[in-house]
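1. compute the structure for the input listed below.
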Amino acid sequence: MKKNIAIIMGGYSSEFEISLKSGQVVYETLDPTKYNAFRIHIFKDKWVYVDAKNTEHPIDKNDFSISVDGLKTNFDCVFNAIHGTPGEDGFMQGYLELLDIPQTSCNMYQAALTFNKRDCLSTLKPYGIKTAVSYYVNLGDAINEDAIIAKVGLPCFVKANKAGSSFGISKVYKREEFNKALEVAFKEDDEVIIESFLDGVEVSVGVITYKGEVTVLPITEIVSDNDFFDYQAKYLGQSQEITPARLTEEQEEKVRTVAKKVYEILKMKGFSRSEFIFKDGEPHFLEINTVPGMTAASILPQQAAAAGISLKDLFGNAIEECLKK
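-> Numbers count the residues shown, from 1 in each chain. Sure, this is the predicted structure:
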């Protein structure tokens, strides 16, 4: 009997447009002989099922069900394609867990932890995971540029603590640029992380649970046409994404080992994509994304293809893995 799969997409953050594209790819790719796929748009002002004619039907939030022409449908599984809040920070995970509906991304605690860059770095550092030097600022704090520069140096990166896809991030070269950079970051979050600049090869590593095993996908090297891997580089084609990455065997082994270790330390499940920069031959962890992009331009689908895993298999496996629980 075919399973009813709700593909949630949209969300409340600056990333909603990318999420809608990711969700649409999942919708178009899932095996129709195994799954009945439903597009569910999650926005602040409405949660709706969008049918094949693009007609909207409201979601009953009491049990996350839909009713169309008097026929009620419940879902066997939720495929989470929401980047940012509320799909990547734990809110949807907690809601669905209360309703006992399985979903394809990590659990609530892991989502909240990994979405918070400060907390994630603090959790990983005791395990020997190398990271950039960082300095934290909250909205309303007095800004001491001298103290910041003394700790992280110049240039440095100013980032919103809880935001994805390179929103709220600036590269700062001069002391005078801090105010503007903080203004950009505070538009996305009331917490900011300032990190030292790591000058080296940047790579992205997909780690997933595939057929019951933690699996490290082929590594992607990021070569941005811009000053860093910003939104334009990530989504508007202003970068080269080279899979497999041009690494030595030693570099590849090191970053594969660290990426898998991060996945296992954090007790992850489902999809993940972690970012690293090599400094002095060692991979330094930047962040981990738990609902990575699934569009044609996205990195993790490119990595899966290089591993011989089709999108249909990639998405179907995510559903089968979460239905096991």
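
2. tell me where the model's unsure across the stretch 1-150 of the chain.
-> By pLDDT under 70, the stretch 1-150 of the chain contains no weakly predicted segment.

3. make that the stretch 151-300 of the chain, sorry
-> 164-166, 226-238.

4. can you show me the strands along it?
-> 156-160, 169-172, 191-196, 202-210, 213-216, 220-224, 239-242, 273-279, 282-289 (DSSP state E, counting those that start in this stretch).

5. which one of those lies closest to residue 122?
-> Smallest distance to residue 122 across those (C-beta to C-beta): 10.9 Å, for strand 191-196. C-beta coordinates here come from the backbone N, C-alpha and C atoms, glycine included.

6. packing partners for the closest one?
-> Packing partners of strand 191-196 (3 or more C-beta pairs under 8 Å, 6 or more residues apart in numbering; DSSP states H and E): helix 117-124, strand 134-138, helix 145-152, strand 156-160, helix 178-186.

7. now the strands of the stretch 151-300 of the chain in CSV, with distance to residue 114 and mean neighbour count?
-> Converted to CSV, the strands of the stretch 151-300 of the chain look like this (distance: least, C-beta to C-beta, whole Å; neighbours: other C-beta atoms under 10 Å):
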stretch, distance to residue 114, mean neighbour count
strand 156-160, 15, 24
strand 169-172, 17, 20
strand 191-196, 14, 22
strand 202-210, 12, 24
strand 213-216, 16, 15
strand 220-224, 19, 18
strand 239-242, 22, 16
strand 273-279, 9, 22
strand 282-289, 5, 21
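
8. can you redo those as JSON lines with distance to residue 7?
-> Formatted as JSON lines, the strands of the stretch 151-300 of the chain follow (distance: least, C-beta to C-beta, whole Å):
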{"stretch": "strand 156-160", "distance to residue 7": "27"}
{"stretch": "strand 169-172", "distance to residue 7": "28"}
{"stretch": "strand 191-196", "distance to residue 7": "31"}
{"stretch": "strand 202-210", "distance to residue 7": "18"}
{"stretch": "strand 213-216", "distance to residue 7": "23"}
{"stretch": "strand 220-224", "distance to residue 7": "25"}
{"stretch": "strand 239-242", "distance to residue 7": "25"}
{"stretch": "strand 273-279", "distance to residue 7": "19"}
{"stretch": "strand 282-289", "distance to residue 7": "18"}
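
9. ok, which of those strands comes nearest residue 315?
-> When the strands of the stretch 151-300 of the chain are ranked by proximity to residue 315 (C-beta to C-beta), strand 202-210 comes first, at 11.1 Å.

10. pull up the pairing partners for that closest one, direction included.
-> Looking at strand 202-210 with DSSP bridges, its partner strands are strand 213-216 (antiparallel), strand 220-224 (antiparallel), strand 273-279 (antiparallel).
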